[in-house]
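Participant: please find the sequence and the predicted model below.
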Amino acid sequence: MSIDIDQFDERSSEELAELSNPEQVLKFLYENRDRAWKAKEIASRTGINENSIHPVLSRLEDRELVRHKGPYWAITDDTSRLRQAYDTHRVTQLFDDLYGEEDRDEWIEASEQVDH
């Protein structure tokens, strides 16, 4: 996907970074927190593939960041939980930028060495 050259020139790197699917869903639901949405509409409005939206919403519900009733989804009304999740995400992102992303295979290998 391309962007307008004015957007490229005027926006910071952070503003141009692509959001993950969960980030897009949370941003959309937060910006539209006065309404509840069907999953298909959330997918359409965020550009997320319809096959991916239900797993994303389910994971967010497991983390108590969204609410679900019938076919409708809404952002959590627990703003402190939402803030905590956002802060944790930003710190993790900062550490990834400073030290590089963690490698799951390295963690598994290291834990196996400790166990023996």
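Facilitator: Perfect, thanks for sending it.

Participant: let me see the mean pLDDT of the helix or strand hosting residue 88.
Facilitator: Residue 88 belongs to helix 79-99 when elements are defined using DSSP states H and E. In this model, helix 79-99 carries a mean pLDDT of 83.

Participant: stretch 42-56 now?
Facilitator: Per-region confidence: stretch 42-56 scores 95 on mean pLDDT.

Participant: still on that earlier bit, which strands and helices lie in contact with the next helix or strand after the helix holding residue 88?
Facilitator: Downstream of helix 79-99, the first helix or strand assigned by DSSP H and E is helix 104-115. Helices and strands touching helix 104-115, by 3 or more Cβ pairs under 8 Å, 6 or more residues apart in numbering; DSSP states H and E: there are none. Heads up, the C-betas are built off the backbone N, CA and C, glycines and all.

Participant: CA-only coordinates of helix 104-115 in CSV, if you can.
Facilitator: Extracted C-alpha coordinates of helix 104-115, given in CSV (Å, rounded to 0.1, in the frame of the first residue of the first chain):
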residue,chain,number,x,y,z
ARG,A,104,10.9,-17.8,21.1
ASP,A,105,13.2,-20.6,20.0
GLU,A,106,16.1,-19.1,22.0
TRP,A,107,13.9,-19.0,25.1
ILE,A,108,12.9,-22.7,24.6
GLU,A,109,16.5,-23.7,24.1
ALA,A,110,17.6,-21.8,27.2
SER,A,111,14.8,-23.2,29.4
GLU,A,112,15.8,-26.8,28.3
GLN,A,113,19.4,-26.2,29.3
VAL,A,114,18.3,-25.0,32.7
ASP,A,115,16.1,-28.1,33.2
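
Participant: sounds good, over and out.
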